[in-house]
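Trainee: Got a sequence here, can you build the structure:
(one chain, ligands or ions: 1)
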Amino acid sequence: MSHSVALNFADGRTFFIAVQEDELLLDAAVRQGIHLPLDCREGVCGTCQGKCETGIYEQEYVDEDALSERDLAERKMLACQTRVKSNAAFYFDHSSEICNAGEALKITTVVTAVELVSETTAILHLDASSFDKELNFLPGQYARLQIPETDDWRSYSFANRPNANNQLQFLIRLLPDGVMSNYLRERCQIGQSLMMEAPLGSFYLREAERPLIFIAGGTGLSAFLGMLDNIADQPNQPSVQLYYGVNTEADLCEQKRLIAYAEKIKDFSYHPIISSASELWQGKSGYIHQHLDKQQLQQQCFDMYLCGPPPMIEAVKSWLDEQSIEDCSIYSEKFLQSNTVRT
Ligand code: FES
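Mentor: Have a look, this model is predicted:
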């Protein structure tokens, strides 16, 4: 029996490997060309340590000098002592470059549709079936797309989950004058080829053991769509609150899809928030942090995921600090308007 395992690195690169049920994670990685740092191979030196972010695993000998009780409780692990018992994801806090892991995948895709989903947002549909296996990525990760006939690349979060046919979606903000926006408006044709590099990024859904709070700004929503698709299919679903902030009502997109998650995820709530609402808007207005439930967040541990423009993310983090809300894990991905920079 073989499990699919994602190895994530601090430089945002992810490599998927197959790990046999009785195989050590380190051996499986090396067998597939990813040379994780190692020294003793005995569970003593700690050189091969990482952290399991999703999935079931067991460890053999772990010396207390390599990992403390607290480390173990935080799911830190030694690759030379770890056997996986399910599909899983591990994070290593160093660059993939020291593993001689090679390049990220570059795949030729084909444009199958450009769907206008709000006045300012489109979904680009790409067929990546030229890749002869199912393209693996973790919901929330992103790809770099090369704008045809240019040397320009832009980064976009996947807006769906991996699937057998490699049909991919990306939510893209249409700027008045952006290199991707101009391409989509003026030159994009169905059937055109487009290069993609993926999977990338360390913003992805971890093992959900606590209630989840998702905070999306603008097309930051894209990263959450794949996560929600994934959660909707799980037997043990965590509770999820989604806050989605945009500038005007016309910027809201994928409303039917978002509302439909309430039927697929048993404890799901959705809160659209408009910062510059018209008089006709009857929902929440202002900024997301103004609508978070202070009392609830002070009483309950939770995991918070934020994806969107830097001011939104900073405002929410500052608000959490001001309320002295600490019993939470926070994962965030900031991106600029051109989608070229992620931090
Ligand atoms: Fe020393 Fe794994 S290589 S603990």
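Trainee: drop to CA atoms for contacts and neighbour counts, all remaining ones
Mentor: Will do.
Trainee: Can you show me the CA trace of the helix or strand Leu116 falls within as PDB?
Mentor: For Leu116, the host element (DSSP states H and E) is strand 105-118. The C-alpha trace of strand 105-118 is given here as PDB (Å, rounded to 0.1, in the frame of the first residue of the first chain):
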ATOM      1  CA  LEU A 105       6.800  21.100 -12.300                       C
ATOM      2  CA  LYS A 106       6.300  23.100 -15.500                       C
ATOM      3  CA  ILE A 107       3.200  22.000 -17.400                       C
ATOM      4  CA  THR A 108       1.600  23.100 -20.700                       C
ATOM      5  CA  THR A 109      -2.000  23.800 -20.100                       C
ATOM      6  CA  VAL A 110      -4.800  24.800 -22.500                       C
ATOM      7  CA  VAL A 111      -7.400  27.600 -21.900                       C
ATOM      8  CA  THR A 112     -10.900  26.100 -21.800                       C
ATOM      9  CA  ALA A 113     -12.900  29.100 -20.600                       C
ATOM     10  CA  VAL A 114     -12.800  32.600 -19.200                       C
ATOM     11  CA  GLU A 115     -15.800  33.100 -17.000                       C
ATOM     12  CA  LEU A 116     -16.700  36.600 -15.800                       C
ATOM     13  CA  VAL A 117     -18.000  36.000 -12.300                       C
ATOM     14  CA  SER A 118     -18.300  39.700 -11.100                       C
END
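Trainee: Who are the packing partners of the next helix or strand after it?
Mentor: Next along the chain after strand 105-118, taking DSSP H and E as the criterion, comes strand 121-127. If contacts are counted by 3 or more CA pairs under 8 Å, 6 or more residues apart in numbering; DSSP states H and E, strand 121-127 sits against strand 105-118, strand 167-173.
Trainee: hmm, who's touching the last one?
Mentor: Read it as strand 167-173. 120-129, 156-162, 181, 218-219, 221-222 (CA atoms under 8 Å, 6 or more residues apart in numbering).
Trainee: And for the first one?
Mentor: By CA under 8 Å, 6+ apart, the surrounding residues in contact with strand 105-118 are 122-131, 184, 189-199, 250-254.
Trainee: Filter those residues down to the buried ones.
Mentor: 122-129, 184, 193-199, 251-254 (16 or more other CA atoms under 10 Å).
Trainee: Name the SS class of the residue nearest the centre of the chain, please.
Mentor: Residue closest to the average C-alpha location in the chain (CA atoms, centre = their mean): Gly140, at 1.9 Å. Three-state assignment for Gly140 (DSSP: H, G, I helix; E, B strand; the rest coil): coil.
Trainee: Measure how the strand holding Leu116 sits relative to strand 167-173, angle-wise.
Mentor: 60 degrees (axes from the mean of the first three to the mean of the last three CA atoms, to 10 degrees).
Trainee: What about Val5, how many residues nearby?
Mentor: 24 (other CA atoms under 10 Å).
Trainee: tell me the SS of it?
Mentor: strand.
Trainee: shouldn't it be in contact with Phe16?
Mentor: Yes - if you go by CA atoms under 8 Å, Val5 and Phe16 touch, sitting 5.5 Å apart.
Trainee: Extract the C-alpha trace of the worst-scoring helix or strand of the chain on mean pLDDT and format it as CSV.
Mentor: Scoring the helices and strands of the chain by mean pLDDT, DSSP states H and E places strand 328-334 at the bottom, with a mean of 88. Extracted in CSV, the C-alpha atoms of strand 328-334 (Å, rounded to 0.1, in the frame of the first residue of the first chain):
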residue,chain,number,x,y,z
CYS,A,328,-5.1,30.4,18.0
SER,A,329,-2.9,29.3,15.1
ILE,A,330,-2.7,31.8,12.3
TYR,A,331,-1.7,31.1,8.7
SER,A,332,-1.7,33.9,6.2
GLU,A,333,-0.8,34.7,2.7
LYS,A,334,-0.5,38.3,1.5
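Trainee: Begin at 32, not 1, for the rest of this chat.
Mentor: All set: I'll call the first residue 32, so the last point we hit is now strand 359-365.
Trainee: and the closest residue to Gln172 other than its chain neighbours, what is it in contact with?
Mentor: In space, and not counting its chain neighbours, Gln172 is closest to Gly232: 5.2 Å by CA to CA, 6 or more residues apart in numbering. Shown in contact with Gly232 (CA under 8 Å, 6+ apart): 42-45, 172-173.
Trainee: Over to Leu337?
Mentor: Leu337 touches 245-247, 344, 361-364, counting by CA under 8 Å, 6+ apart.
Trainee: ok, 10 Å please
Mentor: 234, 244-248, 251-252, 254-255, 274, 343-345, 347-348, 361-365 (CA atoms under 10 Å, 6 or more residues apart in numbering).
Trainee: Show me just the buried residues among those.
Mentor: 234, 244-248, 251-252, 254-255, 274, 343-344, 347-348, 362-365.
Trainee: Centre of the chain to the strand holding Leu147, how far?
Mentor: 19 Å (CA atoms, centre = their mean, to the nearest Å).
Trainee: buried ones in it?
Mentor: For strand 136-149, by 16+ other CA under 10 Å, it's 138-145, 148-149.
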